[in-house]
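Asks: structural data only, the sequence is not supplied:
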């Protein structure tokens, strides 16, 4: 969040907007750069244990913006051509709750901590956790041959591979994220 704020100050021509909230109410931001007809979108940290993608995206974004403003090339290519021809959409961190869990461990709140350790099959080490804070694997929410994949899915929330709550469970559990209610 701090990096996004700094980039907006340094490069006021970028668009930055809140596109939603995590299950725990943390804001999720999108950054847009460019004015082209071709559209490219990149998400980072959709899996909690792949948080390094957020750092990679932010490094790329900074390098790209620096190249644009200094009228330099990026990897030997004219950055201005990309700006004129491509509308780039970046969501550096799609799963901030899960990333916090992986990086900092279970929250101090005893009830939340106990519930998360239970979802993690009794383990206090969350390094392998891919899901959001409610145990829903955000990357498994796209329509992609689920009948063929059914055997590989978990039947309940956990560290990974749980597709989503059913309609009744979604209302009871408040869903995978706040956007899920809309």
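Replies: Sure, I can see it. Note that this is a predicted model, so its numbers are computed, not measured.

Asks: tell me which element the residue nearest in space to the middle of the chain falls in.
Replies: Closest residue to the average C-alpha location of the chain: residue 94 at 1.5 Å, with C-alpha atoms, centre = their mean. Residue 94 is part of no helix or strand, with elements assigned from DSSP states H and E.

Asks: was I right to think it contacts residue 44?
Replies: Yes: Residue 94 lies in contact with residue 44 (C-beta atoms under 8 Å); the separation is 6.7 Å. The C-beta positions use only the backbone N, C-alpha and C, and glycine is treated the same way.

Asks: if we can go back for a sec, list phi and psi for the residue nearest to the centre of the chain.
Replies: phi -90, psi -20 (degrees, to the nearest 10).

Asks: per-residue confidence for it?
Replies: Here the pLDDT value assigned to residue 94 is 95.

Asks: over to residue 136?
Replies: pLDDT, residue 136: 83.

Asks: doesn't it fall inside a strand?
Replies: No: Residue 136: not assigned to a strand; according to DSSP: H, G, I helix; E, B strand; the rest coil it is coil.

Asks: and it, how far is that from residue 70?
Replies: Here residue 136 is placed at a distance of 42 Å from residue 70 (C-beta to C-beta, to the nearest Å).

Asks: neighbour count winner among these two?
Replies: Between residue 136 and residue 70, residue 136 has the larger neighbour count (other C-beta atoms under 10 Å), namely 27 against 9.

Asks: hmm, back to that, which ones are touching the residue nearest to the centre of the chain?
Replies: Counting by C-beta atoms under 8 Å, 6 or more residues apart in numbering, residue 94 touches 28, 43-46, 138.

Asks: which of those tops the neighbour count?
Replies: In terms of neighbours by other C-beta under 10 Å, those top out with residue 45 at 24 neighbours.

Asks: appreciated, that's everything.
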